[in-house]
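Asker: Kindly generate the corresponding structure for this input.
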Amino acid sequence: MKKLSHILEYVFLVTTGFILRRLPYRSASAVGSFFGKILHFFDKKHRKIAFDNLRPSFPGKTEAELNDIIKKLYDNMGRSFTEFLYLPKLPLEKLKTLIKVKGEEHLKAAIKKGKGVIVIVSHFGNWELMGARYTEYGTSTVIAFPQSNVLTDKVITKYRTNAGMQIIFTGNAVKDIFRALRNKEMVGFLADQDAHGEGVFIDFFGRPASTNRGPAVIALKTKAAMIMSFIVREKDNTFTLHIEPELPLVDTGDFEADVRKNTENWSAVLERYVREYPAQWFWVHRRWKTKQEKEEKQEQEVK
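Answerer: Next up is the predicted model:
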């Protein structure tokens, strides 16, 4: 059954992409909005996760306001899906008209330092288009998790590499990341999700969250520049790629304390953007899951 479901997923992905790329870009994006509405209607489980994440993060907002954020979130997810399938028809010159860049001087200054650049990104806006847009500035290397479905994984990887990105899969990540930075490349870290037991707990929206240590650890070991970048969907469904100034590297010699402080610093920037554009972040992920599980275990032990 699993093999059959993988085949069906592959057929759906390839067929949908083929059809969408026969449409104008804006029409393809609108189809994604329709997909998002359908998913919002049926996906009760993730709607609840999103609401449970949002409620303590924005205590001043009403239930109606939170539900409106969730509807817009699903719209963004649906559009992002079909826009990614449209990527083979979006060469760099077209991406330049679709995605304007704000703060490119920060990236150029970071590249000029010659130590490579760690670009910390998040599941925000249409993050899949971001890596392709970055190819204007040099080699854009992205760390990716292999999909459980080998068939769809090959399609997704092909779309990314054909757009000019280089892919580092998590199994070989550390060695390949160091190689890329030695070659003065840009390496993108999707670092905003729950990091399980391997993460460092820092404050995020007022609650301890297990957070990816990778960007801070690699920056401390390589002295690569560390910047944050966000792709924001505008009202007309074009995008603005925001490149933040380089994050000053805290390096006191106390490695674990420095990892924590650098992680806190970039997480604070992420929180600032999520607060400004709450409907564009991936609230359907259980961001505080590891801490919640730890607390539940402690509560059970007390009982």
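Asker: how about the strands in the stretch 101-250 of the chain?
Answerer: Counting by DSSP state E, counting those that start in this stretch, the stretch 101-250 of the chain forms strands over residues 117-121, 140-144, 165-169, 186-190, 200-204, 207-211, 225-233, 239-243, given from the N-terminal end onward.
Asker: of those strands, which approaches residue 276 most closely?
Answerer: With distances scored as CB to CB, the stretch of these nearest to residue 276 is strand 225-233 (8.7 Å). Every residue, glycine included, has its C-beta placed from N, CA and C.
Asker: before we move on, back to that, deepest of the strands of the stretch 101-250 of the chain, which one?
Answerer: Sort the strands of the stretch 101-250 of the chain by mean neighbour count, taking mean count of other CB atoms under 10 Å, and strand 117-121 sits at the top with a mean of 27.
Asker: what's the angle from that strand to strand 239-243?
Answerer: Orientation of strand 117-121 against strand 239-243 (axes from the mean of the first three to the mean of the last three CA atoms, to 10 degrees) gives an angle of 130 degrees.
Asker: Tell me how far strand 117-121 lies from the chain's centre.
Answerer: Taking the mean C-alpha point of strand 117-121 and that of its whole chain, the gap between them comes to 11 Å (CA atoms, centre = their mean, to the nearest Å).
Asker: thinking again about what came up before, any chance of the strands of the stretch 101-250 of the chain in TSV, plus distance to residue 58?
Answerer: Converted to TSV, the strands of the stretch 101-250 of the chain look like this (distance: least, CB to CB, whole Å):
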stretch	distance to residue 58
strand 117-121	23
strand 140-144	30
strand 165-169	34
strand 186-190	23
strand 200-204	13
strand 207-211	13
strand 225-233	19
strand 239-243	21
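Asker: Turn the ones you listed into a markdown table, columns for distance to residue 285 and mean pLDDT.
Answerer: A markdown table is the format used below for the strands of the stretch 101-250 of the chain (distance: least, CB to CB, whole Å; pLDDT from 0 to 100):
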| stretch | distance to residue 285 | mean pLDDT |
| --- | --- | --- |
| strand 117-121 | 15 | 97 |
| strand 140-144 | 17 | 88 |
| strand 165-169 | 21 | 90 |
| strand 186-190 | 11 | 95 |
| strand 200-204 | 12 | 96 |
| strand 207-211 | 11 | 97 |
| strand 225-233 | 17 | 98 |
| strand 239-243 | 21 | 98 |
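Asker: pLDDT at residue 294, what is it?
Answerer: Taken from the predicted model, the pLDDT recorded for residue 294 is 53.
Asker: By average pLDDT, which secondary structure element in the protein comes out worst?
Answerer: One helix or strand of the chain scores below all others by mean pLDDT, DSSP states H and E: helix 289-302, with a mean of 59.
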